[in-house]
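A.B. asks: dropping a prediction and its sequence here:
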Amino acid sequence: MRALAFGLTLVRHGETPYNKEGLLQGHAIDSALSEAGLQQAEAAGRYLKDVRFSRVFVSDMLQTAESILKHNSSCLDVESSQWSVVFQSFGIAEGRKVKELKEMAEAAGQTFPGFTPPNGETQEQVKQRVQEFLEKMLQQVGSERCRDGGQDGPLETCPVEGKPDNGLRDVPVHVLVVTHGALMCVAVRYFVEELGCCVPQGCDKAYMFSLSPNTGVCWFILTVKEEQQRFVLSGIRCVFMLFTERSHSSLLIFVLGGCSTSPH
């Protein structure tokens, strides 16, 4: 197998009552979606209905992923795995307002958002879990495709603005990850700053690293090659970012053109 190009879609879960009230929600809190969150999940499911996902990883909050899979006929036989690393623990700040976390940081003489509350996780710890998941995913996708006899070369496609596949229609493998906003921020920053994933044209890093709204979507194309019986990342690019507002009748789309690069 020369190389395998596959798609990776990150989706933040729909709104929860904690999100609505501006409360910190991490590992210790498992909340159902709000009414608005259910409508967001439905809208995301309709928008992604034609994307052919071959593997799905979800958090303990299953409702958003269930809505996406319900609308997607290609996912009828797709294996869905619960991913235990999608949460970030905020320690004693769980369930409190973000304002209170900022006050904790100020009282400790530290800056926000770099501050870690007592018993909480540092950004470095969260990034490490993202790295571990990425490594696990690369090995799973690579070994499954190799076992299936895949001989895919590097994929060079151009995004088509406004289309749900945005250049990913012909990607043989496509992984969906439904996660939480804080972890999504860490993952995107890690992809860009440490793996060399380029920022889409017209998008500054401050925007790209900002907290995604509920059911916001990021698309990536990763290229994997086999080296000494392991699968390693040889290229990654962000195809585009799609952030949705709370419009229950339609999706307000902000599409940014993509570009390609290789990891450092």
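C.D. replies: Perfect, I can see it now.

A.B. asks: just grab the bridge partners of residue 222 for me.
C.D. replies: Beta-bridge pairing of residue 222, defined through DSSP bridges, involves residue 6, residue 236.

A.B. asks: isn't it up against residue 236?
C.D. replies: Yes. At 5.0 Å, residue 222 counts as touching residue 236 under the criterion of CB atoms under 8 Å. Bear in mind the C-beta positions are built from the backbone N, C-alpha and C, glycine included.

A.B. asks: ok, these two, which is more surrounded?
C.D. replies: Legend: neighbour count by other CB atoms under 10 Å for residue 222 and residue 236, higher for residue 222 (26 against 22).

A.B. asks: OK, contacts around the more buried one?
C.D. replies: 5, 6, 7, 8, 138, 233, 235, 236 (CB atoms under 8 Å, 6 or more residues apart in numbering).

A.B. asks: tell me the pLDDT of it.
C.D. replies: If you check residue 222, the pLDDT there is 91.

A.B. asks: neighbours around residue 213, how many?
C.D. replies: Using other CB under 10 Å, the number of residues around residue 213 comes to 16.

A.B. asks: output the contacts of residue 222 in CSV, with distance to residue 105 and pLDDT appended to each entry.
C.D. replies: CSV is the format used below for the contacts of residue 222 (distance: CB to CB, whole Å; pLDDT from 0 to 100):
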residue, distance to residue 105, pLDDT
5, 41, 84
6, 39, 87
7, 37, 89
8, 32, 92
138, 35, 91
233, 34, 94
235, 37, 91
236, 32, 92
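
A.B. asks: from those, pick the one nearest residue 187.
C.D. replies: residue 8 (9.7 Å; CB to CB).

A.B. asks: that closest one belongs to a strand?
C.D. replies: Yes. Per DSSP: H, G, I helix; E, B strand; the rest coil, residue 8 lies within a strand segment.

A.B. asks: my guess is it contacts residue 171, does it?
C.D. replies: No. Using CB under 8 Å, residue 8 is not in contact with residue 171, being 9.6 Å away.

A.B. asks: which neighbours do the two share?
C.D. replies: Contacts common to residue 8 and residue 171, judged by CB under 8 Å, 6+ apart, are residue 221.

A.B. asks: so which residues of the protein form strands?
C.D. replies: Applying DSSP state E to the chain gives strands spanning 4-12, 55-58, 80-82, 173-179, 217-227, 230-242.

A.B. asks: by mean pLDDT, show me the worst of those strands.
C.D. replies: Mean pLDDT per stretch puts strand 80-82 lowest among the strands of the chain, at a mean of 60.

A.B. asks: residue 106: neighbouring residues, count only.
C.D. replies: For residue 106, using other CB under 10 Å, the count is 12.

A.B. asks: could you do residue 193 as well?
C.D. replies: Neighbours of residue 193 under the rule other CB under 10 Å: 13.
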